[in-house]
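A.B. asks: Please find the sequence and the predicted model below.
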Amino acid sequence: MPKPTAQAIAGDPGPAPIIGKLGKYELVEELGRGAFGVVYRGRDPFVQRDVAIKIAAANAPDNDAAFFAEARAAGRLNHPYTVLLYDAAKEAGQRYIVMEYVQGDTLQRYCERHGERLPVSQVIDLALKCSLALDYMHKNGVLHRDIKPRNIAMTADGAPKIMDFGIAAMSAAAAGSEPASGDRLIVGSPMFMSPEQVRGETLTPATDLYSLGAVMYMLLTGRPIFDAEDTRSLFMLIKTERAPSLRGHRGIPDSLALFVDRLLSKQASERHQSGRELADDLASVAAELRGGTRRRKLSLNNDTLKELRFFRSFTGDELRELMDASTTATFKAGQFVIKEGEMDSSLYIVLMGLAEVRKGRQLINLLEKGDSFGEIGFLYEVKRTASVIATTDVMVLKVNAALLDQMSEHCQLHYYRVFCENLILRLTIGTEKAAAMLPKSDLALDFILP
């Protein structure tokens, strides 16, 4: 195991020192350690990106299958709200896995009793996105079994990233064997474990959703569901006591409290049965907070548009010209925004909601407020290479290529400069993901630009 060296001298403007190497990877700093593993921030010098490297600790059991179970579980997943797996290997007797490095705090920061609270709307948004990630995970045969605030990072732009698949289990179909039932073994983090986990019973997707409900409870209140003096007492409360309801808590809508109550039901059959079902319910609460059905009357004034990354550098006059070349459209959850194989010359910018990019039945990406899509069709008027489907109710701005000719030359030049900058950014990010997850695919652009 490489040993960290002393930190760089305070104020030294140079790059972080390399404290060791493992294969091609450079180790930069230790991020944390557990009973059987140490996580480092590392550097892949070939693709020039930071990575997170989990190395088996010196006292870890000499069991390759157990250590690489995390890699097998995470390696099945490619979702915007889960960390990506890049590599897994054993070199010179050292076992390690290489994952996406997420720069940002975990949700634990927002769960402290006297700490900072996130706005209710942001808790709903994070939970909705986590529920979509869990739905994807479960459909791919993976149970996480350790959903907790420390295992959910939040990126700089506020998106969640579920991580640490160290005790994840795969279904029989995914693993090619009997499903993990617990075998009377209790696995997980006590404060966020479901009653069936405490009993060592067979686990289902509803188990992960219970844990997500426990995370929501802490984010909303700053305290755990149950306070107990020791783990034994905590387990007894989890098995027998009804979780305190959030109904009537100041600032928490009753509809949200009702869904949290349902997630924390003692019986798995009484909870939401899929992440998609939970996401739909949370989307309805988010719409309620935005003002019910009035959310469709989004006012597209300059201030509203400047909240979106695409429009921040435009002047008021330029925004008015651009709006004259655009229309808005709304789509209900489940409706196609664009279909694979269709001809369409519009650029789309998401004003509200979430949408999925799919090629066939494969989920490629998730689009949020401020994201754009349809660049290739806008430029070349070719058939769409993927479909975009509304995950929640969605409103988009459609920029019509033909109408742009009516704008002033200055405004057109500004628009195309921003368009190209945005396109390059998406290509850079998308190509990195495609390279990591689909290294042998000839369809990288299809997955990046629908």
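C.D. replies: That came through, no problem.

A.B. asks: what are the phi and psi angles of the residue most central in space within the chain?
C.D. replies: Centroid-nearest residue in the chain: residue 81, 1.5 Å away (criterion: CA atoms, centre = their mean). Torsion angles at residue 81 (phi, psi; degrees, to the nearest 10) stand at phi -110, psi 20.

A.B. asks: Surely it is in contact with residue 155?
C.D. replies: No. Contact criterion CB atoms under 8 Å: residue 81 and residue 155 do not qualify, at 9.6 Å. Bear in mind the C-beta positions are built from the backbone N, C-alpha and C, glycine included.

A.B. asks: what touches both of the two?
C.D. replies: Common neighbours of residue 81 and residue 155 (criterion: CB atoms under 8 Å, 6 or more residues apart in numbering): residue 161.

A.B. asks: For the residue nearest to the centre of the chain, which non-adjacent residue is spatially closest?
C.D. replies: residue 133 (3.8 Å; CB to CB, 6 or more residues apart in numbering).

A.B. asks: pull the CA atoms of the one helix or strand that neighbour maps to into CSV?
C.D. replies: Here residue 133 sits within helix 120-139, counting by DSSP states H and E. C-alpha atoms of helix 120-139 as CSV (Å, rounded to 0.1, in the frame of the first residue of the first chain):
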residue,chain,number,x,y,z
VAL,A,120,-37.4,21.4,0.4
SER,A,121,-37.6,21.9,-3.4
GLN,A,122,-33.9,20.8,-3.7
VAL,A,123,-34.5,17.8,-1.4
ILE,A,124,-37.3,16.7,-3.7
ASP,A,125,-35.1,17.2,-6.8
LEU,A,126,-32.3,15.2,-5.4
ALA,A,127,-34.6,12.4,-4.2
LEU,A,128,-36.4,12.3,-7.6
LYS,A,129,-33.0,11.9,-9.4
CYS,A,130,-31.8,9.3,-7.0
SER,A,131,-35.1,7.4,-7.4
LEU,A,132,-34.5,7.4,-11.2
ALA,A,133,-31.0,6.1,-10.6
LEU,A,134,-32.3,3.3,-8.3
ASP,A,135,-35.0,2.4,-10.9
TYR,A,136,-32.2,2.0,-13.5
MET,A,137,-30.1,0.1,-11.1
HIS,A,138,-32.9,-2.3,-10.1
LYS,A,139,-33.8,-2.9,-13.7
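
A.B. asks: which strands and helices sit next to the helix or strand following it?
C.D. replies: Of the helices and strands lying after helix 120-139 in sequence (DSSP H and E), the nearest is strand 142-143. On a contact count with 3 or more CB pairs under 8 Å, 6 or more residues apart in numbering; DSSP states H and E, strand 142-143 meets strand 169-170, helix 205-221.

A.B. asks: Just the mean pLDDT for strand 142-143, thanks.
C.D. replies: What strand 142-143 shows for mean pLDDT is 92.

A.B. asks: Strand partners (parallel or antiparallel) of it?
C.D. replies: Paired neighbours of strand 142-143 in the sheet (DSSP bridges): strand 169-170 (antiparallel).

A.B. asks: Average pLDDT for the strand it pairs with, rounded please.
C.D. replies: 78.

A.B. asks: Pull the distance from it to the chain's centre.
C.D. replies: 20 Å (CA atoms, centre = their mean, to the nearest Å).

A.B. asks: Stretch 32-43 now?
C.D. replies: Worked out by CA atoms, centre = their mean, stretch 32-43 lies 21 Å from the chain centre.

A.B. asks: wait, doesn't residue 168 sit right on residue 71?
C.D. replies: No. Contact criterion CB under 8 Å: residue 168 and residue 71 do not qualify, at 10.2 Å.

A.B. asks: name the helices or strands packed onto the helix holding residue 133?
C.D. replies: Secondary structure elements in contact with helix 120-139, counted by 3+ CB pairs under 8 Å, 6+ apart, are strand 152-154, strand 160-162, helix 205-221, helix 275-290, strand 362-367.

A.B. asks: Mind putting the ones you listed into TSV with distance to residue 102, mean pLDDT and mean neighbour count?
C.D. replies: Listed next are the helices and strands packed on helix 120-139 as TSV, based on distance: least, CB to CB, whole Å; pLDDT from 0 to 100; neighbours: other CB atoms under 10 Å:
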stretch	distance to residue 102	mean pLDDT	mean neighbour count
strand 152-154	4	94	23
strand 160-162	5	94	23
helix 205-221	17	96	24
helix 275-290	20	88	19
strand 362-367	16	85	20
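
A.B. asks: if we compare those, which one ends up closest to residue 58?
C.D. replies: Relative to residue 58, the nearest member of the helices and strands packed on helix 120-139 by CB to CB is strand 152-154, separated by 26.6 Å.

A.B. asks: got the contact list for that closest one?
C.D. replies: Under CB under 8 Å, 6+ apart, the answer for strand 152-154 is 83, 102, 104-107, 126, 130, 160-163, 215.

A.B. asks: Point out where the stretch 151-300 of the chain drops to low pLDDT.
C.D. replies: Along the stretch 151-300 of the chain, segments meeting pLDDT under 70 span 171-186, 292-300.

A.B. asks: er, the stretch 1-150 of the chain I mean
C.D. replies: Those would be 1-16, 35, 59-61, if you go by pLDDT under 70 across the stretch 1-150 of the chain.

A.B. asks: Helices of that one, start to end?
C.D. replies: Secondary structure of the stretch 1-150 of the chain (DSSP state H, counting those that start in this stretch): helices at 64-67, 69-74, 120-139.

A.B. asks: Same question for the stretch 301-450 of the chain.
C.D. replies: Going by DSSP H, counting those that start in this stretch, the stretch 301-450 of the chain shows helices at 302-306, 316-324, 375-380, 409-437, 444-448.

A.B. asks: could you list every residue that touches the residue nearest to residue 81?
C.D. replies: Here residue 133 is in contact with 79, 80, 81, 82, 160, 162, 275 (CB under 8 Å, 6+ apart).

A.B. asks: For it, give its distance to residue 156.
C.D. replies: For residue 133, the distance to residue 156 (CB to CB, to the nearest Å) stands at 18 Å.

A.B. asks: Can I get stretch 379-392 in CSV? Just the C-alpha atoms.
C.D. replies: Listed next in CSV are the C-alpha coordinates belonging to stretch 379-392 (Å, rounded to 0.1, in the frame of the first residue of the first chain):
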residue,chain,number,x,y,z
LEU,A,379,-26.9,21.8,-38.3
TYR,A,380,-27.4,19.2,-41.0
GLU,A,381,-31.2,18.3,-41.0
VAL,A,382,-30.5,14.6,-40.7
LYS,A,383,-32.5,11.9,-39.1
ARG,A,384,-32.4,11.8,-35.3
THR,A,385,-30.1,9.1,-34.0
ALA,A,386,-31.9,8.7,-30.6
SER,A,387,-35.2,9.5,-29.0
VAL,A,388,-35.9,12.1,-26.2
ILE,A,389,-38.7,11.2,-23.9
ALA,A,390,-40.2,13.3,-21.1
THR,A,391,-39.4,11.7,-17.7
THR,A,392,-41.5,14.3,-15.9
